[in-house]
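Student: Sharing a sequence plus its predicted fold:
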Amino acid sequence: MEFHVILLLIFIFFLCFCYSFRNKNGVPTNWPIVGMLLPLLANVPRIHDWITEVLEKYQLNFLFKGPWFTNMEMFVTLDPANVHYIMSKNFKNYPKGSKFNEMFDVFGDGIFNVDSKLWEYHRKMAHTFIGHPKFNQFLHEKVWEKVEKGLIPVLDHASKQGLVVDLQDLFSRFTFDTICTLIVGSDLRSLSVDWPNEPFLKALDDIEEVIFRRHVVPMSVWKFFRWLGVGKERKYKEAWEILDEFIYKRISEKRSEELFKQEELKHKEASVGVDLLTLYMDQAQGLSSTNVKNNLSDKLLRDTILNFFIAGRDTTSTALAWFFYLLSKNPRVESKIRQELDTIMDTNQDHDKLVYVHGALCEALRLYPPVAFEQKASMESDILPSGQHVYPNMQIIFNLYAMGRMKSIWADDCNEFKPERWISERGNIKHEPSYKFLTFNAGPRSCLGKNMAFTQMKAVVATIVRNYKFQAIQGQLVVPDISLMLRMKNGFKVKVCKFQ
């Protein structure tokens, strides 16, 4: 009898999956036992577009119900009023939550993963150091140094040799080398004409892919595979080990620096820049907190550094890849950028004057946000502005990719690439509220590295558009990958030509 019941359940599951697979563009069906999991799994290869379609039909708010007894119920919302309420007005009731910590366990006790006092500590430290005059000087010097000694030689070589270049890989290496210099003070020179293999980059990509997949299967399932040490979870574990080896090595090297070098640095404060790891080690000794040791442990430094790597390398490189993809589809925009650059003598010193470039970057970030979704969890019961009832520990998801494609938020031309929507009649950058343009987060958790990201992106855009022309390889399929970051599944391949 039990055998027949099992066969019947398998048959029902098979029928539901087949129907969900054939009905990809339809409204998700809430099946008995399995909930809406089957439509979700059937649409994983096009998950972001599917969510966009669903939220368009449900007018910005949708309650996803997972399989019974799996605690996989999620409220997905794009409603700006809900976003503002959760991210700002009632911020304390919506932390990251314990489920987020488990899914993103590789981040440890870094700023992305933690809440309350430890988050306040991280926020205070990061705000102090990213705004530090020595670090800002260091940032500008090292970004332009990487452009001149890394990016330009590689593009010149590709142009002379007639090589095909994957821009996603190019920008990933550029931002990796830059962020390495800014965080730990050493340039690994992964951006060079011989394209050296860098295991750390591959490990980051693997980590992000697995974390995303943890969101589309019940937690009990991926935890079981983690316990077995098989499949994607095994790849995750191996990638974690590579990240740890790399970061702990840098911490050890930094701790073992000779004392006279540190003394020399102190005597040259007015003229010498300094990396973030040095700032943390140098100044953490004087901080006191009931929740954080005065002397930062290697573990907490490791977590802090990894969080900075994710924020500084992946977001900026992903944004640049999608920006040049959009530029290849919109020659009018490229022409206007070039016209603006022709009016500015020194883009190194005058990058704040690049208004149209800034608008074009914002527009690319709206359509292709590097982090496709944000996640929160409620502490106490609540009612959102949309009328949705929230119970304790309920997952709330904001899909930024879908948000940029909602006509009710961005008007009927929301799918067009129009930098002009970011420029006022006076020719200044037009401010859009963060609960509408969530790329740099909102409220108390708004991104501290926003200016740093724009500094890097403007340096790259100005250099490339002024000196080179990209020809996209015909026939390539450029689509988002299934990953935590909105990376391109197959990259974006171009031929590089010198601009005459």
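Tutor: Arrived safely.
Student: Have a look at the chain and report the helix or strand with the lowest mean pLDDT.
Tutor: Scoring the helices and strands of the chain by mean pLDDT, DSSP states H and E places helix 2-22 at the bottom, with a mean of 45.
Student: immediately after that one, which helix or strand?
Tutor: As assigned by DSSP states H and E, the chain's next helix or strand after helix 2-22 is helix 37-42.
Student: Check what pLDDT Tyr325 gets.
Tutor: Looking at Tyr325, its pLDDT stands at 98.
Student: Pull the contacting residues for it.
Tutor: Leu167, Ala472, Val478, Met488, Phe492 (Cβ atoms under 8 Å, 6 or more residues apart in numbering). For glycine as for every other residue, the C-beta is placed from the backbone atoms N, C-alpha and C.
Student: of all those, which comes closest to Lys117?
Tutor: Taking Cβ to Cβ as the measure, Lys117 lies nearest Met488 of the contacts of Tyr325, at 38.8 Å.
Student: for the stretch 1-150 of the chain, which spans come out with low pLDDT?
Tutor: Filtered on pLDDT under 70, the stretch 1-150 of the chain yields the residue ranges 1-27.
Student: again, only using 90
Tutor: 1-45, 66-73, 96-102, 110-140 (pLDDT under 90).
Student: in the sheet, who's paired with Met485?
Tutor: Taking DSSP bridges, one obtains Val371 as the residues bridged to Met485.
Student: Of the contacts of Tyr325, which is the nearest to Pro32?
Tutor: Nearest to Pro32 out of the contacts of Tyr325 is Met488 (Cβ to Cβ; 38.2 Å).
Student: Ignoring the adjacent residues along the chain, who's closest to that closest one?
Tutor: Gln168 (5.1 Å; Cβ to Cβ, 6 or more residues apart in numbering).
Student: and Gly491, what is it in contact with?
Tutor: Asp166, Leu167, Gln168, Asp169, Ala321.
Student: Revised request: answer the last question for Pro433.
Tutor: Pro80, His84.
Student: Please report how far it lies from Leu361.
Tutor: Distance of Pro433 to Leu361, computed by Cβ to Cβ, to the nearest Å: 18 Å.
Student: Over to Leu182?
Tutor: If you measure Leu182 against Leu361 using Cβ to Cβ, the figure is 20 Å.
Student: and the two? which has more neighbours close in?
Tutor: Neighbours were counted for Leu182 and for Leu361 using other Cβ atoms under 10 Å; Leu182 has more, 27 against 21.
Student: From Glu380, how far out is the more buried one?
Tutor: Note on Leu182: its distance to Glu380, by Cβ to Cβ, is 39 Å.
Student: Who are the contact partners of Glu148?
Tutor: Neighbour list for Glu148: empty [criterion: Cβ under 8 Å, 6+ apart].
Student: what about it, which SS state?
Tutor: helix (DSSP: H, G, I helix; E, B strand; the rest coil).
Student: Then the one 4 residues further on?
Tutor: Assigned with three-state DSSP, Ile152 falls in the helix class.
Student: Now name the helix or strand holding the nearest residue to it once chain neighbours are set aside.
Tutor: Excluding its sequence neighbours, the residue lying closest to Ile152 (Cβ to Cβ, 6+ apart) is Thr463, at 6.8 Å. Taking DSSP H and E as the definition, Thr463 sits inside helix 450-467.
Student: returning to what we had before: looking at the contacts of Tyr325, which is nearest Glu56?
Tutor: Nearest to Glu56 among those, with distances taken as Cβ to Cβ, is Val478, at 22.6 Å.
Student: Tell me the spacing between that closest one and Glu416.
Tutor: Distance from Val478 to Glu416, counting by Cβ to Cβ: 17 Å.
Student: mind listing the strands in the stretch 401-500 of the chain by residue range?
Tutor: 468-472, 493-498 (DSSP state E, counting those that start in this stretch).
Student: residue contacts, the nearest residue to Leu484 once chain neighbours are set aside?
Tutor: The shortest distance from Leu484 to any non-neighbouring residue, by Cβ to Cβ, 6+ apart, is to Glu208 (3.8 Å). Contact analysis of Glu208 by Cβ under 8 Å, 6+ apart lists Ile310, Asp314, Ser483, Leu484, Met485, Arg487.
Student: what about Glu208, helix or strand, and which?
Tutor: For Glu208, the host element (DSSP H and E) is helix 199-214.
Student: And Ile396, by the same measure?
Tutor: For Ile396, the host element (DSSP H and E) is strand 395-399.
Student: what mean pLDDT does that strand have?
Tutor: Averaged over strand 395-399, pLDDT sits at 94.
Student: mind listing what it pairs with, with the direction of each?
Tutor: Sheet partners assigned to strand 395-399 using DSSP bridges are listed as strand 74-77 (parallel), strand 373-377 (antiparallel).
Student: for these, which one sits closest to Glu120?
Tutor: Judged by Cβ to Cβ, the one of the strands paired with strand 395-399 that comes nearest to Glu120 is strand 373-377, at 17.3 Å.
Student: That closest one: how far from the chain's middle?
Tutor: Counting by Cα atoms, centre = their mean, to the nearest Å, strand 373-377 is centred 13 Å from the centre of its parent chain.
Student: Ser335 and Phe176, how far apart?
Tutor: From Ser335 over to Phe176 the distance is 31 Å, taken as Cβ to Cβ.
Student: next one: Ile207
Tutor: Per Cβ to Cβ, Ile207 is found 14 Å from Phe176.
Student: before we move on, back to that, closest one to Phe91 out of the contacts of Tyr325, please.
Tutor: Distances from Phe91 to those, taken by Cβ to Cβ, are shortest for Met488, at 33.4 Å.
Student: Would you check that that closest one makes contact with Trp322?
Tutor: Yes: contact criterion Cβ atoms under 8 Å: Met488 and Trp322 qualify, at 7.5 Å.
Student: Can you give me the first-to-last residue distance of stretch 54-73?
Tutor: 16 Å (Cα to Cα, to the nearest Å).
Student: pLDDT and distance to Asn43 added to the contacts of Tyr325, as CSV?
Tutor: What follows is the contacts of Tyr325, written out as CSV (pLDDT from 0 to 100; distance: Cβ to Cβ, whole Å):
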residue, pLDDT, distance to Asn43
Leu167, 97, 28
Ala472, 96, 27
Val478, 94, 19
Met488, 95, 19
Phe492, 97, 24
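Student: so of those residues, which ones are in helices?
Tutor: Those of the contacts of Tyr325 mapping onto helices are Leu167, per DSSP state H.
Student: Which two among the contacts of Tyr325 are spaced furthest apart?
Tutor: Farthest pair in the contacts of Tyr325, by Cβ to Cβ: Ala472 and Met488, 12.1 Å.
Student: who wins for most neighbours among the contacts of Gly491?
Tutor: Ala321 (26 neighbours).
Student: residues contacting it?
Tutor: Leu167, Gln168, Phe171, Arg487, Met488, Gly491, Phe492.
Student: What's the separation between it and Lys149?
Tutor: The spacing between Ala321 and Lys149, counted by Cβ to Cβ, is 21 Å.
Student: what's the angle from the next helix or strand after the helix holding Glu208 to helix 199-214?
Tutor: Remark: after helix 199-214, the chain's next helix or strand is helix 219-228, criterion DSSP H and E. Angle, helix 219-228 to helix 199-214, by axes from the mean of the first three to the mean of the last three Cα atoms, to 10 degrees: 140 degrees.
Student: which helices and strands sit right next to helix 219-228?
Tutor: Contact here means 3 or more Cβ pairs under 8 Å, 6 or more residues apart in numbering; DSSP states H and E; on that basis helix 219-228 packs against helix 98-103, helix 231-255.
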